[in-house]
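S.K.: What would the 3D arrangement of this be:
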Amino acid sequence: KKKTDGAHLIGAQHPNGKNRPSTTGARADMSELTQYAILLGLTLGTVGLVLSLYALARAIGRARAEPAKDVPATAGTLARDPVWVRYHAKYYGYALLFLAFDMEMAFMYPWAVVYREEGL
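M.R.: The predicted structure follows:
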């Protein structure tokens, strides 16, 4: 017996004789412009909250200039090696390969879950 989720019935006549409501996720009485207005409002609200929190943090916690802040130190002792170390270019290649395959696995995991659920 094939498992169906009823997606083929969207907008079609339901077996009980009544029209089946749309399952697209958006309300029918909300226009596209209203949806974009809500999205814009949420975006502006989020940006406003972040900026106000940043301004509040700058107003409350003033930074004091201390000469010891610019000295590279590890566990309270001065660093004996230079702070900026040059790496060979091949290590950047390894890092890029790692990121590429790591991101590939992040996208392949949901596919594997769907294939297992569908029995493929």
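
S.K.: Now do the one helix or strand A100 maps to, average pLDDT.
M.R.: Element membership of A100, judged by DSSP states H and E, is helix 89-118. For helix 89-118, the mean pLDDT works out to 87.

S.K.: got the buried residues for it?
M.R.: For helix 89-118, a neighbour-count test (16 or more other C-beta atoms under 10 Å) marks nothing as buried. C-beta here means a position set from N, CA and C on the backbone, and glycine is covered the same way.

S.K.: Show me what it is packed against.
M.R.: Here helix 89-118 touches no other helix or strand, going by 3 or more C-beta pairs under 8 Å, 6 or more residues apart in numbering; DSSP states H and E.

S.K.: in this protein, which spans are helices?
M.R.: For the chain, applying DSSP state H gives helices covering 32-60, 89-118.

S.K.: give me every residue that touches R64.
M.R.: By C-beta atoms under 8 Å, 6 or more residues apart in numbering, R64 lies in contact with nothing.

S.K.: from the middle of its chain, how far away would stretch 102-111 be?
M.R.: In terms of C-alpha atoms, centre = their mean, to the nearest Å, the centre of stretch 102-111 is set 15 Å apart from its chain centre.

S.K.: outside of that stretch, which residues touch it?
M.R.: With C-beta under 8 Å, 6+ apart, stretch 102-111 has no contacts at all.

S.K.: how far out from the middle of the chain is the worst-scoring helix or strand of the chain on mean pLDDT?
M.R.: In the chain, no helix or strand scores lower on mean pLDDT, DSSP states H and E than strand 73-74, which sits at a mean of 70. Centre-to-centre, strand 73-74 and its host chain are 34 Å apart (C-alpha atoms, centre = their mean).

S.K.: can you check stretch 105-120 too?
M.R.: 20 Å.

S.K.: what does stretch 45-64 give?
M.R.: Counting by C-alpha atoms, centre = their mean, stretch 45-64 comes out at 23 Å from the chain centroid.
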